[in-house]
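[1] the amino acid sequence is not available; the structure is as follows:
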């Protein structure tokens with residue numbers, strides 16, 4: 001795909017040329033993702049998940065009220081007040097002792113918070129991504145600043161989850177991406193936008 005096509009699909013992308021190159025040269029061949037319908041599905045999902053590739057690192061700057069609503073089980077006895085607007089401490093607490101992370105004191109929660117357009121979260125995912133692609137984000141976390149790393153992380157997730165099989169079914173694919181299972185009963189977040197983006201991507205790519 002070229003930069004003009006990407007601009008039509010993700011008009012707020014901060015670097016059309018860089019992302020078009022990263023997707024065409026790295027992400028698409030890795031999946032592999034050859035059919036236009038598969039590319040349209042991929043672009044629609046990462047476009048929605050990352051707000052046109054602008055949100056590629058998890059934002060954990062939550063207020064105490066938001067922590068109570070969303071992560072109440074991790075903050076008993078009004079503990080959320082101590083974590084108000086402290087993203088690093090929040091990540092270390094809510095992601096402690098799961099997804100391959102160590103305890104809160106290890107700092108793994110913050111280090112391995114969500115990265116990429118389809119956010120990879122937790123030490124286990126980060127380590128597996130590094131092992132499979134050779135992109136050593138474990139020892140060189142600054143690699144996450146590179147568009148090619150970000151694009152490859154989404155491609156790695158797509159390939160790992162065999163998402164191409166749902167390329168024609170935007171609802172099942174959206175459940176897989178947003179809810180973790182194509183057969184989930186809940187309605188994925190942002191379903192209207194995912195459909196709109198998929199229809200637009202198909203039109204732009206001639207799928």
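    Sure thing, it's come through. As the structure is a prediction and not an experimental result, all values here were calculated from the model. Numbers count the residues shown, from 1 in each chain.
[2] give me phi/psi at the most centrally placed residue in the chain?
    A centroid search over the chain (CA atoms, centre = their mean) returns residue 118, at 1.5 Å, as the residue closest to the centre. Dihedral pair for residue 118: phi -110, psi 100, per degrees, to the nearest 10.
[3] wait, what's in contact with it?
    45, 46, 49, 50, 153, 154, 157, 158, 177 (CB atoms under 8 Å, 6 or more residues apart in numbering). Every C-beta, even on glycine, is put in place using the N, C-alpha and C of the backbone.
[4] report the contact partners of the spatially closest residue to residue 136 that is not a sequence neighbour.
    Counting by CB to CB, 6 or more residues apart in numbering, residue 136 lies nearest to residue 130, which is 5.4 Å off, once chain neighbours are set aside. Going by CB under 8 Å, 6+ apart, residue 130 touches 136, 137, 138.
[5] got a winner among the residues you listed for most neighbours?
    Most neighbours among the contacts of residue 130, by other CB atoms under 10 Å: residue 137, with 22 neighbours.
[6] in a helix, that residue, correct?
    No - secondary structure of residue 137 (DSSP: H, G, I helix; E, B strand; the rest coil): coil, not part of a helix.
[7] tell me who's in contact with it.
    115, 126, 129, 130, 143, 144, 149.
[8] redo that, cut-off 10 Å
    Counting by CB atoms under 10 Å, 6 or more residues apart in numbering, residue 137 touches 112, 115-116, 120, 126-127, 129-130, 143-144, 146, 149, 152-153.
[9] just put these in JSON lines and tack on distance to residue 91.
    Listed next are the contacts of residue 137 as JSON lines, based on distance: CB to CB, whole Å:
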{"residue": "112", "distance to residue 91": "9"}
{"residue": "115", "distance to residue 91": "12"}
{"residue": "116", "distance to residue 91": "16"}
{"residue": "120", "distance to residue 91": "14"}
{"residue": "126", "distance to residue 91": "13"}
{"residue": "127", "distance to residue 91": "17"}
{"residue": "129", "distance to residue 91": "18"}
{"residue": "130", "distance to residue 91": "19"}
{"residue": "143", "distance to residue 91": "19"}
{"residue": "144", "distance to residue 91": "15"}
{"residue": "146", "distance to residue 91": "22"}
{"residue": "149", "distance to residue 91": "20"}
{"residue": "152", "distance to residue 91": "23"}
{"residue": "153", "distance to residue 91": "18"}
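[10] farthest pair within those?
    Within these, two members stand farthest from each other by CB to CB: 127 and 146, at 18.3 Å.
[11] returning to what we had before: filter the contacts of residue 137 to the buried ones?
    Neighbour-count burial (16 or more other CB atoms under 10 Å) applied to the contacts of residue 137 gives 112, 115, 116, 120, 126, 129, 130, 143, 144, 149, 152, 153.
[12] run a quick neighbour tally on residue 100.
    When neighbours are defined as other CB under 10 Å, residue 100 has 15 of them.
[13] quick check: closest non-adjacent residue to it.
    Per CB to CB, 6+ apart, closest to residue 100 is residue 124, 3.2 Å.
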